[in-house]
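Student: I'd like to go over a predicted model; first the sequence, then the structure.
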Amino acid sequence: MPSFSNTLEQAIHAALALANHRHHELATLEHLLLALVDEPEAARVMRACSVDLEVLRKDLVTFIDEELTTLETDIEGSEAVPTAAFQRVIQRAAIHVQSSGREEVTGANVLVAIFAERESNAVFFLSEQEMTRYDAVNFIAHGVAKDPRFGEARPVTGSTTSDDGFEDAVLPGMEEEAPETALGKYCVDLNRKAQEGGIDPLIGRDHEVERCIQVLCRRRKNNPLLVGDPGVGKTAIAEGLARRITAGE
């Protein structure tokens, strides 16, 4: 099995300490998520996904202090035990890392694993800030940040960052020049190209463009697929569609 990063081990111990400090019998996913707010890799991912960490911290502390009072125990010297969900998340993260051929589990891996517990309050608080599992995975795997202020960043590889935060550790000098995003680097914005007059009028393919528009307007199964040999005009149809969009047609 892969090992845990030092900062993840510290976060797990911190989650248990948070529960023990409040005399809770159980350490829940909410205790774990609160600890991950201070774990560099997890915090970095959450910042990239537009999560306000201080708001999240405040929401979690309020929830733990006000809603988990039933977990309090009077037994002297008792220590909190991780809930089944807490254990599942850690195990799920470790299995995923192992299946990926990597050797270290980080806070970022655990953060992604939390999303599988969809009925948990931990996921609710992340969803409150419009963070999804897709957002996290997209940043971890490809370095594509949901927050445009972070631009294109290096993917999470399991190494830890400094305590100064995501901006300093990943994007030094970001305030001077924002890095190009993956979409900007590898894709062509046909709408912008059409607006700038870079697309010629499409002749004789009105039927195909209309068919694309019909498919796009469907409520479901609304992804048109252009199939054909090289040179038959697939790109021209897409460009014609872009001209229609920018012209409001």
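Tutor: Cool, got the structure.
Student: Contacts only, for the spatially closest residue to residue 4 that is not a sequence neighbour.
Tutor: Among residues not flanking residue 4 along the chain, residue 105 sits closest, at 5.1 Å (Cβ to Cβ, 6 or more residues apart in numbering). (C-beta placed from N, C-alpha, C; glycine too.) Taking Cβ atoms under 8 Å, 6 or more residues apart in numbering, we find residue 105 in contact with 2-5, 8, 93-94, 97, 158.
Student: would you list those in a markdown table and tack on neighbour count, secondary structure and distance to residue 226?
Tutor: Output for those, formatted as a markdown table (neighbours: other Cβ atoms under 10 Å; DSSP: H, G, I helix; E, B strand; the rest coil; distance: Cβ to Cβ, whole Å):
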| residue | neighbour count | secondary structure | distance to residue 226 |
| --- | --- | --- | --- |
| 2 | 20 | coil | 43 |
| 3 | 12 | strand | 48 |
| 4 | 21 | strand | 47 |
| 5 | 22 | coil | 45 |
| 8 | 27 | helix | 45 |
| 93 | 24 | helix | 40 |
| 94 | 18 | helix | 43 |
| 97 | 22 | helix | 39 |
| 158 | 19 | coil | 39 |
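Student: what would these look like in CSV with pLDDT and distance to residue 145?
Tutor: Listed next are these as CSV, based on pLDDT from 0 to 100; distance: Cβ to Cβ, whole Å:
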residue, pLDDT, distance to residue 145
2, 84, 26
3, 92, 28
4, 95, 25
5, 94, 21
8, 96, 22
93, 94, 21
94, 94, 26
97, 90, 22
158, 45, 18
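Student: who does the helix or strand hosting residue 43 touch, helix- and strand-wise?
Tutor: Assigned by DSSP states H and E, residue 43 belongs to helix 40-48. Packing partners of helix 40-48 (3 or more Cβ pairs under 8 Å, 6 or more residues apart in numbering; DSSP states H and E): helix 6-21, helix 29-36, helix 53-67, helix 107-114, helix 133-142, helix 166-170.
Student: per-domain residue ranges of the chain.
Tutor: 3-142, 182-247 (the TED database).
Student: and these, which is most packed in?
Tutor: Of the domains of the chain, the one with the most neighbours on average (mean count of other Cβ atoms under 10 Å) is domain 3-142, at a mean of 18.
Student: returning to what we had before: least reliable of the domains of the chain by average pLDDT, please.
Tutor: Among the domains of the chain, domain 182-247 has the lowest mean pLDDT, at a mean of 83.
Student: now the angle from the helix holding residue 43 to helix 53-67?
Tutor: 110 degrees (axes from the mean of the first three to the mean of the last three Cα atoms, to 10 degrees).
Student: mind listing what the residue positioned nearest the centre of the chain touches?
Tutor: Residue closest to the average C-alpha location in the chain (Cα atoms, centre = their mean): residue 136, at 1.7 Å. Residue 136 sits next to 45, 49, 108, 111-112, 115 when contact means Cβ under 8 Å, 6+ apart.
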